[in-house]
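Asker: Got a predicted structure here, sequence first:
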Amino acid sequence: MTADVSNVEDVRHALANRLAIDGGEPVRTTPLPWELPGAHWIGEEERELVERVVLARSPFRFYGLDPQHMVDTLEREWCEAYGHKHALAVSSGTAALAVAVAALGIGPGDEVLIPGYLWVSCVSAVVRNGAIPRLVDMDATYCMDPEDVARKIGPHTRAVLCVHMSGAPGHIARIAGICKARGVSLIEDCAQAAGARVKDTAVGRFGDIGIFSFQLNKNMTSGDGGMIVCEDDALFRRIVALHDLGYPRTPAGRLDVSDAQCQLWGMGARMSELAGAMALAQSRKLPAITGAMRGAKWAIRKAVEGIAGLTFREVPDPDGDTGPTLLMLLPDGETASAFIAALRAEGIAGPPGSLSCITMREWGLHWYFNIPSLVNRRSNARDGFPWSHPSNAFAADYDYGHGALPVCDDVHARGVLLTISSNLAEQDIRDIVHAIRKVAAGLLR
Ligand SMILES: Cc1ncc(COP(=O)(O)O)c(C=O)c1O
């Protein structure tokens, strides 16, 4: 009798553990919420501020019928919240990067070190300014490896563009120290890590210039938008001029062409008051949004840590992580694909169109060798600028193809990514943990 009961239990147990991909019961059948952290939090506050701009008929930041100073307020509050001296809101993170590189006076004859796990905008900012990108490998933080930064800084290096990928900084203080010691500027791309910090220092405060993005996928959003932060007065004056029409503005909001030190070529990347109103409301929610993601992410991570065959990205300061992604490494690429397929079958996926549960191989332009314009040295100009510029001849042998960065290539091959929505319910978190354990038990034995 006892044997029969335990037999029934065994069968029940086997059925419950049969992976959904093999015909078992999925852990859940309803999609997880979309990623898009800020979007879930858009509400009355955003509507109220946008409405004020509309009712005042004043969508331009520098003058108008009755300006509401949304962008000014956003910049002031950003400085107060994160300890920056200067902040300038702009139209996108891509524009912010281009402005940052130009503000440092970088051009032909210069090289900028960039990571191999990045976003295409990082490369375009360098190339469109006439300089040459040079690739640096990642370490276990999935951000730039300080050792490789130190190794790659050469006679043409003018700046390091360090990207705080997937919500969390790596060894940024060490990288800042290396840049300082070697006389090289540091730009921090905080597009994916608004609100992140290391100990008590906010991202964007380690380098000469920091940039943020408020595009829809980011920790807070105004649809499109971005921010540039910097501590230096003269540099900030150039940043302001460059994001606009090449000149600073008078207190009345008119262009001031009188300063011979600040007559530049602008990029037309101002933030409108409508975007400013959205971004202002969202920025006030940023600590709550990142707090929700960080809490969920680390609850999941702690619950699945220790499973043989599953390893995690090193996060030097988990309290400063913003939490939008859980990055895991599997023993090899085949297992990584099987792991993700099995998790999706268990219902660990967002609605159609979301990229919530993917292998790193499905992560597109985040990987250097997936950027055709870089690998093929494309140009917007007919003469092949900047690759063809005589001052850039030093970079003729630089390799941008797959194989250039072994650690990046390895993480690309066997890494997987789970986005952590900013509005996960307790049950969602339990389901994710359950599914990871179930799939790992089925695949990683
Ligand atoms: C690391 C990184 N840098 C820059 C950008 C560009 O930001 P945006 O889309 O606002 O131009 C993004 C996001 O798209 C990003 O992920």
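Answerer: Received it, and whenever you're ready, just let me know what you need.
Asker: what's the pLDDT at His13?
Answerer: We have a pLDDT of 74 for His13.
Asker: Next: Leu88.
Answerer: pLDDT for Leu88: 98.
Asker: Phi first, then psi, for it.
Answerer: Main-chain torsions, Leu88, degrees, to the nearest 10: phi -130, psi 120.
Asker: Not counting residues beside it along the chain, what's closest to it?
Answerer: Of all residues not flanking Leu88 in the chain, Ile228 sits nearest, at 4.8 Å (Cβ to Cβ, 6 or more residues apart in numbering). No exception for glycine: its C-beta is placed from N, CA and C like everyone else's.
Asker: That neighbour bridge partners, please.
Answerer: Listed by DSSP bridges, the beta-bridge partners for Ile228 are Leu88, Ile211.
Asker: what about the residue in the stretch 1-150 of the chain that the ligand sits nearest to, how many neighbours?
Answerer: Distance from the ligand to each residue of the stretch 1-150 of the chain (Cβ to the nearest ligand atom) is smallest for Gly93, at 2.5 Å. For Gly93, the count of nearby residues is 28 (other Cβ atoms under 10 Å).
Asker: Just want to check the distance between Ala342 and Pro37.
Answerer: Distance of Ala342 to Pro37, given as Cβ to Cβ, to the nearest Å: 26 Å.
Asker: What of Pro331?
Answerer: The value you get for Pro331 to Pro37, if Cβ to Cβ is used, is 31 Å.
Asker: Out of those two, name the residue with the larger neighbour count.
Answerer: When neighbours are counted by other Cβ under 10 Å, Pro331 and Pro37 differ, and Pro37 comes out ahead with 31 against 15.
Asker: Let me see the contact set for the closest residue to the ligand within the stretch 251-400 of the chain.
Answerer: Residue nearest to the ligand within the stretch 251-400 of the chain: His366 (7.5 Å; Cβ to the nearest ligand atom). His366 is in contact with Tyr117, Leu118, Trp119, Met165, counting by Cβ atoms under 8 Å, 6 or more residues apart in numbering.
Asker: So which of those residues is surrounded by the most neighbours?
Answerer: The residue in the contacts of His366 with the most neighbours, by other Cβ under 10 Å, is Leu118 (28 neighbours).
Asker: What distance do you get for that one to Ser124?
Answerer: 11 Å.
Asker: Next: Gly276.
Answerer: Taking Cβ to Cβ, one finds Gly276 at 25 Å from Ser124.
Asker: same check, this time on Leu242
Answerer: Applying Cβ to Cβ, the value for Leu242 to Ser124 is 16 Å.
Asker: now swap in Trp367 and tell me
Answerer: For Trp367, the distance to Ser124 (Cβ to Cβ) stands at 15 Å.
Asker: Repeat that for Pro169.
Answerer: Using Cβ to Cβ, Pro169 is found at 23 Å from Ser124.
Asker: So which of these two has more stuff around it?
Answerer: Taking neighbours as other Cβ under 10 Å, Pro169 and Ser124 compare with Pro169 leading, 29 against 19.
Asker: and that one, what does it touch?
Answerer: By Cβ under 8 Å, 6+ apart, Pro169 lies in contact with Thr141, Cys143, Ala193, Ala196, Arg197, Val198, Val203, Pro316, Asp317, Gly320.
Asker: Most neighbours among the residues you listed, which one is it?
Answerer: In these, the most neighbours by other Cβ under 10 Å go to Ala193, 30 neighbours.
Asker: From the ligand, how far out is Glu188?
Answerer: According to Cβ to the nearest ligand atom, to the nearest Å, Glu188 stands 10 Å off from the ligand.
Asker: following the host helix or strand of that residue, which helix or strand comes up?
Answerer: In this structure, Glu188 sits in strand 185-189 according to DSSP states H and E. Per DSSP H and E, strand 185-189 leads on to strand 197-198 as the next helix or strand towards the C-terminus.
Asker: which residues touch the residue lying closest to Ala131 once chain neighbours are set aside?
Answerer: For Ala131, ignoring the flanking residues on the chain, the nearest one in space by Cβ to Cβ, 6+ apart is Asp110 at 4.3 Å. Going by Cβ under 8 Å, 6+ apart, Asp110 touches Gly130, Ala131, Ile132, His156, Thr157, Arg158, Ala159.
Asker: Same check on Gly109?
Answerer: Ala131, His156, His389, Ser391, Asn392.
Asker: Next, it: secondary structure please.
Answerer: At Gly109, secondary structure determined by DSSP: H, G, I helix; E, B strand; the rest coil is coil.
Asker: pLDDT value on it, please?
Answerer: Looking at Gly109, its pLDDT stands at 98.
Asker: Am I right that Cys143 is in contact with Ala173?
Answerer: No. Contact between Cys143 and Ala173 fails when scored by Cβ atoms under 8 Å: they sit 11.9 Å apart.
Asker: What helix or strand is Ala441 located in?
Answerer: In this structure, Ala441 sits in helix 426-443 according to DSSP H and E.
Asker: In that helix, which residues are buried?
Answerer: Buried residues in helix 426-443, counted by 16 or more other Cβ atoms under 10 Å: 428-440, 442-443.
Asker: Closest one of those residues to the ligand?
Answerer: The ligand lies nearest to Ile432 out of those, by Cβ to the nearest ligand atom, at 23.3 Å.
Asker: distance of the closest residue to that closest one other than its chain neighbours from Leu32?
Answerer: In space, Ile432 comes closest to Ile300 once its chain neighbours are excluded; the distance is 5.4 Å by Cβ to Cβ, 6+ apart. Relative to Leu32, Ile300 is positioned 12 Å away (Cβ to Cβ).
Asker: same question, Gly401
Answerer: Relative to Leu32, and taking Cβ to Cβ, Gly401 is found at 35 Å.
Asker: Between these two, which is the more surrounded one?
Answerer: Per other Cβ under 10 Å, whichever of Gly401 and Leu32 has more neighbours is Leu32, with 24 against 10.
Asker: mind listing what the nearest residue to that one once chain neighbours are set aside touches?
Answerer: Leaving out its chain neighbours, the residue that sits closest to Leu32 by Cβ to Cβ, 6+ apart is Gly350, at 5.2 Å. Gly350 sits next to Pro31, Leu32, Pro33, Trp34, Glu35, Ser356, Cys357, Thr419, Ser421 when contact means Cβ under 8 Å, 6+ apart.
Asker: is it true that Gly323 touches Met293?
Answerer: Yes. Look at Gly323 against Met293 with Cβ under 8 Å: they come within range, at 3.4 Å.
Asker: shared neighbours, those two?
Answerer: Contact criterion Cβ under 8 Å, 6+ apart; residues shared by Gly323 and Met293: Gly167, Ile420.
Asker: Would you mind naming what in the chain lies close to the ligand?
Answerer: 92-94, 97, 119, 121-122, 163, 189, 191-192, 213, 215, 224, 226 (Cβ under 6 Å from any ligand atom).
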